[in-house]
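J.: A structural model of the following input is requested.
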Amino acid sequence: MSAIARLSLTPCGRAMLQRLSQPSVAAVRSLQTSQANRDIDSAAKFIGAGAATVGVAGSGAGIGSVFGSLIIGYARNPSLKQQLFSYAILGFALSEAMGLFCLMMAFLLLFAF
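T.: Below you'll find the predicted structure:
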């Protein structure tokens with residue numbers, strides 16, 4: 001017979017197994033947090049979300065730069081209009097994607113953690 005089976009057969013062993021299966025008071029208290037800790041955690045969430053949204057402003061500046069360069073390039077060489085426009089759309093999409101990733105991270109910080 002295994003040692004656990006022998007331990008559970010004795011009355012003393014049963015009492016010991018019951019004590020081990022119940023969490024102690026110290027273990028239960030360590031999981032509780034105070035109101036101040038919850039306030040600090042929520043403040044950290046808001047600060048992190050605000051810092052993550054700074055990238056959206058960078059995305060707006062990048063889009064402005066892409067289309068400003070498109071206008072300058074078209075003014076210099078109008079025959080490359082189609083090729084310049086396709087490059088501008090690609091730059092717009094990449095810049096907008098980075099802004100959306102920053103916004104997504106802000107929402108994850110606010111609502112998932």
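J.: I figured residue 62 was touching residue 93, is that so?
T.: No. With contacts counted by Cβ atoms under 8 Å, residue 62 stays clear of residue 93, the gap being 11.0 Å. To be clear about C-beta, it is placed using only N, CA and C from the backbone, and glycine gets the same treatment.
J.: Neighbour count: those two, which is higher?
T.: residue 62 (18 against 12; other Cβ atoms under 10 Å).
J.: Show me how far the helix or strand that contains the more buried one is from its chain's centre.
T.: Take DSSP states H and E as the rule and residue 62 turns out to sit in helix 54-76. Helix 54-76 sits 28 Å away from the centroid of its parent chain (Cα atoms, centre = their mean, to the nearest Å).
J.: the longest helix in this structure is where?
T.: helix 81-111 (DSSP state H).
J.: Tell me where the protein is predicted with low confidence.
T.: 1-9, 11-14, 16-17, 19-33 (pLDDT under 70).
J.: coming back round to it: how far does the longest helix of the chain sit from the chain's center?
T.: 18 Å.
J.: What is it packed up against?
T.: Applying 3 or more Cβ pairs under 8 Å, 6 or more residues apart in numbering; DSSP states H and E, one finds that helix 81-111 contacts helix 35-52, helix 54-76.
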